[in-house]
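> mind looking at a prediction? Sequence and model below.
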Amino acid sequence: MAKKSLYMCTECGQDYIGWFGRCTNCGAWDTIAEVPDSKENKKKQAAKGSWLPFDDSGQSTKPLKLNELEADLQDRLLTGIDELDQVLGQGFVRGSLVLLGGDPGIGKSTLALQALGSFAEDETLYISGEESAEQIRLRAERLGLAGKAIRLLTVTDFAAIEESLRSLRPQIAVIDSIQTVYSAELSAAPGSLSQIREVTMGLLRIAKELAITLILTGHVTKEGTVAGPRVLEHMVDVVLYFEGEKDTSVRLLRAVKNRFGATDELGVFEMTDKGLISVSETSALLSSGRPRHTAGSVVTSTIEGSRPLLLEIQALTVASPYGTPIRMTQGIDRSRLSLLLAVMAKSIRVDLSQFDTYVNVTGGIRIAETAADLAIMSAILSTFREEPLHLDAIVLGEVGLTGEVRPVSQMAKRIEAGSRVGWQSFVLPAAGREQMKLYENTQKSDVKLFYVSNVQEAFDLLFSGEK
Ligand code: TYD
Ligand code: MG
C-alpha cells in the first residue's frame with residue numbers, strides 16, 4: 001500500500017488526507033499544506049497527534065502490566081495555597097499539563113507566580129511571552145516574592161522553551177501564555193489554532209518525558225473558551241478557569257476538567273494589593289456588606305462543588321414604559337426568571353407583566369441549581385411590595401409550576417454554612433423534612449427551621465402581611 005501523507009490546514013489545524021484548495025473547516029484558501037514527514041520522531045509524533053514515544057523499529061510496543069506500574073501520579077506538588085491545592089485535588093500532579101484560563105486581567109499571571117513562589121528556587125521556571133522581566137519583577141515585589149531567585153525567561157519560540165526546560169529541569173514551570181508561544185516550523189501566525197495545537201502537543205510530550213509540571217495560562221475568547229474550539233482542553237490533564245467580576249475582588253477558580261481529581265471543586269480567592277488570598281470561609285465574604293432590612297434582597301445558600309456558598313440575590317421591579325417589559329438577569333438563567341414570574345402570576349396573583357424585572361446574584365457568581373428559586377421569588381416580591389423581609393432568614397427551595405416548594409439537596413450542609421456566620425432562621429421545603437431528621441437531633445438551639453410546602457406559605461411567613 002502506498003504511504004499516505006498527512007495534510008493540515010495551517011490556519012485552523014484541520015487534518016486532511018490530501019491537498020485541497022480551500023479548507024472546509026475555516027474556509028481559508030490555499031492554507032492546506034503537507035505536514036513535514038521527516039525522519040525525526042518528534043515530527044511524526046506531532047503529525048500523528050500523539051505525545052507517546054514513537055517506536056521507530058516498527059515493532060509493536062511490548063504491553064505493560066498494570067499492577068507492576070509505579071503509581072507516580074500520586075506524586076503531588078503542594079503549593080501551600082489552600083484553595084488552589086484543593087481545586088487541584090491535593091496539589092499539582094508531577095508531569096501534568098495544566099491549563100489556567102480566564103479573561104485578561106483576572107489574575108492568571110498572579111496566581112501562577114504565587115504558585116511558583118512556594119517551591120524551592122531551583123525547582124521552578126517562569127517563562128513569559130507577554131510581559132517584560134521588569135513587569136514581572138514588579139509583580140513579584142507586590143507578592144512579596146522579590147527576594148526569591150525564581151528563574152525567569154522571556155521567550156516565545158517553542159524550540160528555545162524546549163531547550164531551556166531540558167537544560168534547567170525545573171519541577172514546575174509556568175508558560176504565560178500559551179497563545180504567545182510559536183513554533184518556527186509552522187507558517188501559521190502565533191496564537192493561531194494550528195500553532196497552539198502543535199506547541200501544546202510538544203509541551204505535553206516534554207511534560208511527560210521529563211516529569212515537569214507545566215502550567216499554561218490562556219486567554220479566554222468571547223465564546224468563553226481558550227483559543228476558540230476546545231482543542232486545548234482535550235489535550236491537557238487539568239483545565240482550571242479563573243472567573244470573577246473585575247470590579248469586585250472575589251475570584252473563583254473552577255476545575256472544569258481534572259484527570260486526577262474532582263471537577264466540581266471551586267476555589268475562592270480575594271484579590272488584594274498583595275496578591276491573591278485563599279478565602280476558606282466564604283460564607284461571610286459573598287453575602288457581607290448586604291444592606292439589612294432592604295427591600296429586594298434575599299440570601300440563599302447554594303452548593304458549588306462540595307462547598308456551600310451564601311449568596312445574596314437582589315431584585316428590582318419598576319413599571320415598564322414599553323409594551324414588552326424587560327427581563328434582565330445576572331447570575332441566573334433568564335428563562336428561569338420568566339418561569340418564576342409565570343408561577344407568581346398564577347399561584348399568588350402577582351402579575352408583573354407590566355413591570356421591568358431585574359435579578360442579580362452578587363459577587364459575580366452564576367447559580368446553576370434550582371435551589372435558589374424560592375429566594376429569587378422572595379426577592380422579587382420584596383422589591384415589588386417595597387417591603388423588606390419580615391423574617392430575616394436564609395431561603396431555600398425549588399419552585400414547581402403549581403407553586404409547590406420542592407426539596408433541595410444537602411440541606412443540612414447549607415444550613416450549617418449559614419449558622420456558622422450567625423444566621424438563625426431558615427425557610428425550607430417541607431418536602432425535604434425527611435433528610436433533616438439527623439440534623440434536627442443535633443441542631444444548635446438558636447437555629448430556627450421553618451418548613452413551607454408552597455410559595456403562599458413561604459410568603460405568609462416572610463412578609464408581615466400588613467400591606
Ligand atoms: P494579572 O495576574 O496580570 O492578570 P492576567 O494574567 O489574568 O491578565 O492580574 C491583573 C490584575 O490584578 C491587575 O488589574 C492588577 C491586579 N493585582 C492586584 O490587585 N494585586 C496584586 O497584588 C497583583 C499582582 C495584581
Ligand atoms: Mg497575564
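The structure has been received and is ready for your questions. Ligands and ions are numbered 1, 2, ... in the order given.
> interface residues of the protein facing ligand 1?
Contact residues (CB under 6 Å from any ligand atom) of the chain with ligand 1: 102, 104-110, 139, 142-143, 271, 273-275. For glycine as for every other residue, the C-beta is placed from the backbone atoms N, C-alpha and C.
> pull out the buried members of these.
Among those, those scoring as buried are 102, 106-110, 139, 143, 271, 275 (criterion: 16 or more other CB atoms under 10 Å).
> need the contact partners of stretch 327-337.
If you take CB atoms under 8 Å, 6 or more residues apart in numbering as the criterion, stretch 327-337 is touched by 313, 338, 341, 356-362, 364-367, 370, 372-373, 376.
> hmm, try it at 6 Å
357-361, 365-367 (CB atoms under 6 Å, 6 or more residues apart in numbering).
> and L374, which of the three is it?
helix (DSSP: H, G, I helix; E, B strand; the rest coil).
> once you drop chain neighbours, what's closest to it?
Closest residue in space to L374, ignoring its immediate chain neighbours: G397 at 3.7 Å, by CB to CB, 6 or more residues apart in numbering.
> so who does that neighbour touch?
374, 405, 429.
> can you do 7 Å?
Residues in contact with G397 (CB atoms under 7 Å, 6 or more residues apart in numbering) are 371, 373-374, 405-406, 408, 428-429.
> one step back: in helices, which of the residues of the chain next to ligand 1 fall?
Using DSSP state H, 108-110, 139, 142 are the members of the residues of the chain next to ligand 1 that sit in helices.
> circling back: list phi and psi for the residue nearest to L374.
Dihedral angles of G397 (phi, psi; degrees, to the nearest 10) stand at phi 150, psi 140.
> from ligand 1, how far out is it?
37 Å (CB to the nearest ligand atom, to the nearest Å).
> next one: M436
As for M436, its distance to ligand 1 is 42 Å (criterion: CB to the nearest ligand atom).
> against P407, how distant is that residue?
Between M436 and P407 the distance, using CB to CB, to the nearest Å, works out to 10 Å.
> pLDDT below threshold where in this structure?
In the predicted model of the chain, residues 1-5, 11, 35-61, 68-74, 221-230, 280-290, 465-467 satisfy pLDDT under 70.
> K448 is in contact with Q424, isn't it?
Yes: at 5.8 Å, K448 counts as touching Q424 under the criterion of CB atoms under 7 Å.
> now do the contacts for the closest residue to L143 other than its chain neighbours.
Distances taken as CB to CB, 6+ apart place G275 nearest to L143, at 4.3 Å, with adjacent residues excluded. By CB under 7 Å, 6+ apart, G275 lies in contact with 110, 114, 142-143.
> rerun that using 8 Å as the cut-off
Listed by CB under 8 Å, 6+ apart, the contact set of G275 reads 110, 114, 142-144.
> just list whatever residues bridge to whichever residue of the stretch 201-350 of the chain sits closest to ligand 1.
Ranked by CB to the nearest ligand atom, the top residue of the stretch 201-350 of the chain for proximity to ligand 1 is G275, at 4.0 Å. Here G275 sits in beta bridges with T272, going by DSSP bridges.
> all strands of the stretch 51-200 of the chain, in order?
Under the criterion DSSP state E, counting those that start in this stretch, the stretch 51-200 of the chain contains strands at 76-77, 92-93, 97-102, 124-128, 151-153, 172-176.
> how near is the residue nearest to L374 to L145?
As defined by CB to CB, G397 lies at a distance of 47 Å from L145.
> what residues of stretch 360-373 count as buried?
In stretch 360-373, the ones that count as buried by 16+ other CB under 10 Å are 360-365, 367, 370-373.
> ok, now stretch 195-210?
Buried, per 16+ other CB under 10 Å, within stretch 195-210: 195-208.
> just the helices in the stretch 301-450 of the chain please.
In the stretch 301-450 of the chain, the helices defined using DSSP state H, counting those that start in this stretch lie at 334-347, 373-384, 411-420, 437-442.
> of these, flag the one that's most buried.
Across these, the average number of neighbours (mean count of other CB atoms under 10 Å) peaks for helix 373-384, which reaches a mean of 26.
> show me the contacts for the spatially closest residue to T357 that is not a sequence neighbour.
Among residues not flanking T357 along the chain, T317 sits closest, at 5.0 Å (CB to CB, 6+ apart). By CB under 8 Å, 6+ apart, the contact set of T317 is 352, 355-358, 380, 383-384.
> do S278 as well
81-84, 267-269.
> would you list the phi and psi of it?
Torsion angles, degrees, to the nearest 10, at S278: phi -70, psi 130.
> wouldn't I415 be in contact with S301 here?
Yes: using CB atoms under 8 Å, I415 is in contact with S301, at 7.3 Å.
> shared neighbours of these two, anything?
Residues touching both I415 and S301 by CB under 8 Å, 6+ apart: I394.
> now do the helices in the stretch 1-150 of the chain.
Going by DSSP H, counting those that start in this stretch, the stretch 1-150 of the chain shows helices at 41-48, 82-88, 108-117, 133-142.
> out of those, which is the most enclosed?
helix 108-117 (a mean of 24).
> contacts for it?
With CB under 8 Å, 6+ apart, helix 108-117 has contacts from 79, 81, 84, 92, 100-102, 124, 126, 128, 130-131, 136, 139-140, 143, 145, 148, 150, 172, 174, 176-177, 215, 217, 242, 253, 269, 271, 275-276.
> report the distance from that helix to the chain centre.
In terms of CA atoms, centre = their mean, to the nearest Å, the centre of helix 108-117 is found 17 Å from the chain centre.
> that helix versus strand 97-102: what angle between them?
Per axes from the mean of the first three to the mean of the last three CA atoms, to 10 degrees, the angle that helix 108-117 makes with strand 97-102 is 140 degrees.
> list the contacts for the residue of the stretch 351-467 of the chain at minimum distance from ligand 1?
Distances between the stretch 351-467 of the chain and ligand 1 by CB to the nearest ligand atom are smallest at G364, namely 14.9 Å. Residues in contact with G364, defined by CB under 8 Å, 6+ apart, are 243-245, 248, 250, 252, 331.
> who does V93 bridge with?
Beta-bridge pairing of V93 under DSSP bridges involves R76.
> from ligand 1, how far out is it?
For V93, the distance to ligand 1 - CB to the nearest ligand atom - is 23 Å.
> wait, what's in contact with that residue?
73, 75-77, 213, 237-238, 260.
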